[in-house]
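1. Predicted model follows, preceded by the sequence.
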Amino acid sequence: DAGEYYLSVLVLEDGIDGSSSSGNYSQNGVADPATYKHDFVLRASSITGNAYGELIKSNPGDGFTVEKTYTISLDASWVDTYPVAIVWKKTTSGSPSYMYINAMKKK
């Protein structure tokens, strides 16, 4: 499919304490505030400059594949982290400007 395709790589974390005793991470308005955990928290990413990541290919043919390596620093205090790769397509007209195409997480 014609167009520009972008790749963003994110590091997410699950299981962050959101209980009423967790200070700044406390989540109000939940069914059980004593045991609430935050999931899918963005901790780091490959993104610089463009919110949708790196241009990987313009007008790829059928069956096109890409292999990339990214180095993203992790904080030792992060516990349940995992990478997520998202492919976006930049649209030439209409809204939104970028369309979600596919994603993969490795957990």
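-> Everything's here; your move.

2. so what pLDDT did the residue lying closest to Val66 once chain neighbours are set aside get?
-> Closest residue to Val66 apart from its sequence neighbours, by C-beta to C-beta, 6 or more residues apart in numbering: Ile56 at 5.0 Å. For every residue, glycine as well, the C-beta is placed using N, CA and C. Ile56 is assigned 94 on the pLDDT scale.

3. what's the span of stretch 64-78, first residue to last?
-> 35 Å (C-alpha to C-alpha, to the nearest Å).

4. Same check on stretch 12-24?
-> Distance across stretch 12-24, first residue to last, is 19 Å (C-alpha to C-alpha).

5. List the contacts of the residue nearest to Val66.
-> Listed by C-beta atoms under 8 Å, 6 or more residues apart in numbering, the contact partners of Ile56 are Tyr5, Tyr6, Leu7, Val66, Lys68, Val87.

6. and if you look at Asp14?
-> Asp14 neighbours (C-beta under 8 Å, 6+ apart): Lys37, His38, Asp39, Phe40, Val41, Asp80, Tyr82.

7. From the contact counts, what lies against the one helix or strand Arg43 maps to?
-> Using DSSP states H and E, Arg43 maps to strand 41-45. Counting contacts by 3 or more C-beta pairs under 8 Å, 6 or more residues apart in numbering; DSSP states H and E, strand 41-45 is packed against strand 4-14.

8. Provide the strand pairings for the following helix or strand past the strand it packs on, with the direction of each partner.
-> Sequence-wise, the next helix or strand downstream of strand 4-14 (DSSP H and E) is strand 16-17. Next to strand 16-17 in the sheet, as set by DSSP bridges, lie strand 37-38 (antiparallel).

9. Can you give the contact residues for the strand it pairs with?
-> So strand 37-38 is contacted by Asp14, Gly15, Ile16, Asp17, Gly18, Tyr25, Gln27 (C-beta under 8 Å, 6+ apart).

10. would you list these in a markdown table and tack on distance to Gly61 and pLDDT?
-> Below are the contacts of strand 37-38 laid out as a markdown table (distance: C-beta to C-beta, whole Å; pLDDT from 0 to 100):
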| residue | distance to Gly61 | pLDDT |
| --- | --- | --- |
| Asp14 | 37 | 97 |
| Gly15 | 41 | 94 |
| Ile16 | 42 | 92 |
| Asp17 | 47 | 92 |
| Gly18 | 46 | 90 |
| Tyr25 | 46 | 81 |
| Gln27 | 46 | 87 |
